[in-house]
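# Provided below for reference: sequence and predicted model.
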Amino acid sequence: MITPKAYIDLYHEYESVIRASSGDLLNAPRSAAFQSFERIGFPSTSMEAYKDCDLKPILETDFGMNLRQLDIPVNPQEVFSCEVPNLSTNLIFLINDQFYQGDKPHHLPEGVLCGSLKEMGKTHQALLAPYFATLSATSNDGMVHFNGGFVQDGFVLYVPANMHLEKPIQVINVLKAPEDMLVQRRILVILETGAHARLLLCDHNLSGNHMMANQVAEVFVGDSASLEYYELEMNNQVTTRVSNTFFRLESASTLRMNQVVLSNGFTRNNATITLIGEGAEANLSGVVLGERNQFTDNHVLVDHAVPHCTSNQLYKYVLDDTSNGVFGGSILVRGDAQKTKANQSNKNLCSHSARMRARPQLEIYADDVVCSHGSATGQMDENALFYMRSRGISAEEAKLLLKYAFTTDVIDTISLAPLRDRMRMLVEKRFRGELINCAGCAASNCH
């Protein structure tokens with residue numbers, strides 16, 4: 001276990017400061033979360049789940065923490081615009097771990113909450129308290145409880161029963177600081193019975209300093225509700241992202257999750273999807289484009305707790321140079337979860353110097369199920385390259401086309417046509433080594 005003593009001492013020294021700026025919703029589970037952190041500590045490679053993900057060098061970095069919530073002198077809307085062409089969204093900014101109090105979301109139906117978790121927690125504590133920190137409370141990952149001890153703000157989306165949000169919500173997570181900094185970001189999404197929403201989260205580091213974002217998200221999808229949940233990472237080489245996302249799916253609900261890593265430094269994404277209502281369906285996909293010495297680790301656990309549920313996983317990696325990738329995909333079918341349909345597929349395309357570690361797992365305790373899983377890792381198809389070269393296509397262009405074609409079925413899982421088209425263009429530009437700025441992005445490191 002990596003000793004968390006420095007952070008334990010920091011917490012006890014500044015606990016009153018943290019609580020004073022956070023509000024009752026965030027403070028209520030804080031002590032229990034930090035006690036869990038003190039007991040569990042940071043993840044280490046001695047743990048099976050982190051066997052191939054060494055956080056120790058990063059966690060030993062002397063990060064600053066903005067515990068007094070001082071304003072960072074940046075107006076994200078002046079230096080950054082991540083609007084997808086032809087896609088009208090409600091745009092939200094988080095600066096490090098603080099909600100940006102700029103333009104408020106507009107054209108939201110009555111009863112919808114969309115904004116600062118800290119502020120909404122003060123005005124709607126009774127509504128949000130039954131959800132906040134409930135899915136994460138039993139986690140055995142110390143990073144989750146590390147977040148619970150230090151978190152001071154974040155983003156919340158609450159959609160009342162039978163309400164459909166026409167405009168997608170787009171959350172831009174901006175990292176910016178004058179020195180190396182660790183931020184604790186929190187996201188809470190609640191869709192009541194029959195609700196529908198689409199949420200796009202984009203991560204960008206606008207700083208040249210080493211930034212680490214430790215994010216915890218809890219997502220509740222009610223009976224017959226549907227959620228599209230998209231994550232796009234376009235960080236620079238000096239960014240560390242650790243994310244734990246917990247989904248709870250009720251009866252007849254649907255989840256579509258798509259994760260795209262276009263550029264990053266060191267990334268660990270954990271997603272836990274629990275299907276607790278009959279007829280729930282989860283469709284999960286992701287694509288990772290790695291180069292240089294970038295590292296990306298996606299761990300996915302789908303827990304089929306009841307009968308008649310469906311899940312699909314499709315994750316692909318394209319690793320160039322000396323980049324590293326890890327995929328840990330698990331399907332758990334409990335004894336009562338008869339008539340389960342679960343499929344998992346992981347495919348990876350690697351250069352000679354890149355490294356990929358895949359750990360697909362099936363754990364089945366029911367006997368009337370249809371389940372499959374598989375993983376394949378290889379290099380560029382030389383026969384396909386030869387065929388394309390024989391048709392007058394250059395070697396570099398042929399490799400680019402093959403890599404692009406390899407990713408298309410993951411990108412095609414994005415149901416929002418403008419976002420899907422934008423991702424296709426960004427993936428192609430990424431393979432060409434060109435700038436992959438979002439439309440209007442003035443951040444020089446978004447490439």
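Perfect, I can see it now.
# only C-alpha atoms for contact and neighbour calcs from this point on.
Will do.
# for this structure, what helix or strand is lowest in average pLDDT?
Ranking every helix and strand in the chain by mean pLDDT, DSSP states H and E puts helix 76-79 at the bottom, with a mean of 65.
# Direction included, what does the next helix or strand after that helix pair up with?
Proceeding N to C from helix 76-79, the next assigned helix or strand is strand 90-95, under DSSP states H and E. Here strand 90-95 is paired, per DSSP bridges, with strand 98-99 (antiparallel), strand 169-175 (parallel).
# and strand 90-95, how far out from the chain's middle?
Between the centre of strand 90-95 and the centre of its host chain there is 16 Å, according to C-alpha atoms, centre = their mean, to the nearest Å.
# Quick one: neighbours of L87, just the number.
Burial of L87, expressed as a neighbour count using other C-alpha atoms under 10 Å, amounts to 14.
# List the contacts of H204.
With contacts defined as C-alpha atoms under 8 Å, 6 or more residues apart in numbering, the neighbours of H204 are 172-175, 233-236, 446.
# With respect to D54, which of the strands paired with strand 90-95 lies nearest?
D54 lies closest to strand 169-175 among the strands paired with strand 90-95, at 22.5 Å (C-alpha to C-alpha).
# Now do the next helix or strand after that closest one: which elements does it pack against?
Counting by DSSP H and E, the element after strand 169-175 in chain order, helix or strand, is strand 181-191. Taking 3 or more C-alpha pairs under 8 Å, 6 or more residues apart in numbering; DSSP states H and E as the contact definition, the neighbouring helices and strands of strand 181-191 are helix 117-123, helix 142-150, strand 154-159, strand 211-221.
# Mean neighbour count and distance to T296 for these - can I get that in TSV?
Output for the helices and strands packed on strand 181-191, formatted as TSV (neighbours: other C-alpha atoms under 10 Å; distance: least, C-alpha to C-alpha, whole Å):
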stretch	mean neighbour count	distance to T296
helix 117-123	20	28
helix 142-150	26	17
strand 154-159	24	24
strand 211-221	24	14
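# Including distance to C53 and mean pLDDT, could the ones you listed go into TSV?
Rendered in TSV, the data for these read as follows (distance: least, C-alpha to C-alpha, whole Å; pLDDT from 0 to 100):
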stretch	distance to C53	mean pLDDT
helix 117-123	30	97
helix 142-150	13	98
strand 154-159	26	98
strand 211-221	15	98
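# P73 is nearest to which of the ones you listed?
Proximity of the helices and strands packed on strand 181-191 to P73 was assessed by C-alpha to C-alpha; the nearest stretch is strand 211-221, lying at 16.4 Å.
# quick one: the closest one to helix 142-150, angle?
Following axes from the mean of the first three to the mean of the last three C-alpha atoms, to 10 degrees, one obtains 90 degrees for the angle between strand 211-221 and helix 142-150.
# Name every strand pairing with the following helix or strand past strand 211-221 and say which way it goes.
Past strand 211-221, heading to the C-terminal end, the next element that is a helix or strand (DSSP H and E) is strand 226-234. Strand pairing for strand 226-234, using DSSP bridges, gives strand 196-205 (parallel), strand 254-263 (parallel).
# what does strand 226-234 rub up against?
Identification of contacts with strand 226-234 by C-alpha under 8 Å, 6+ apart yields 191, 194-205, 221, 253-264, 446-447.
# go with 7 Å
Among residues not part of strand 226-234, those counted as contacts by C-alpha atoms under 7 Å, 6 or more residues apart in numbering are 195-204, 253-264, 446.
# tell me the mean pLDDT over it?
Looking at strand 226-234 alone, the average pLDDT works out to 97.
# Could you do stretch 10-28 as well?
96.
# Name the residues of it that are buried.
Under the neighbour-count criterion of 16 or more other C-alpha atoms under 10 Å, stretch 10-28 has 11, 15, 18-19, 21-27 buried.
# Is it possible to get CSV of those residues that adds secondary structure?
Written out in CSV, the entries for the buried residues of stretch 10-28 read as follows (DSSP: H, G, I helix; E, B strand; the rest coil):
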residue, secondary structure
Y11, helix
E15, helix
I18, helix
R19, helix
S21, coil
S22, coil
G23, coil
D24, helix
L25, helix
L26, helix
N27, helix
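# just curious, which of those is nearest to P43?
Of the buried residues of stretch 10-28, the one sitting nearest to P43 (C-alpha to C-alpha) turns out to be Y11, at 18.6 Å.
# before we move on, the earlier item: now, which of the buried residues of stretch 10-28 sits nearest S375?
When the buried residues of stretch 10-28 are compared against S375 (criterion: C-alpha to C-alpha), the nearest one is L26, at 40.2 Å.
# before we move on, the earlier item: could you dump the strands paired with strand 226-234 to CSV with distance to G64?
What follows is those, written out as CSV (distance: least, C-alpha to C-alpha, whole Å):
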stretch, distance to G64
strand 196-205, 16
strand 254-263, 24
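# Now tabulate those strands in JSON lines and tack on mean pLDDT and distance to A384.
What follows is those, written out as JSON lines (pLDDT from 0 to 100; distance: least, C-alpha to C-alpha, whole Å):
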{"stretch": "strand 196-205", "mean pLDDT": "95", "distance to A384": "35"}
{"stretch": "strand 254-263", "mean pLDDT": "97", "distance to A384": "25"}
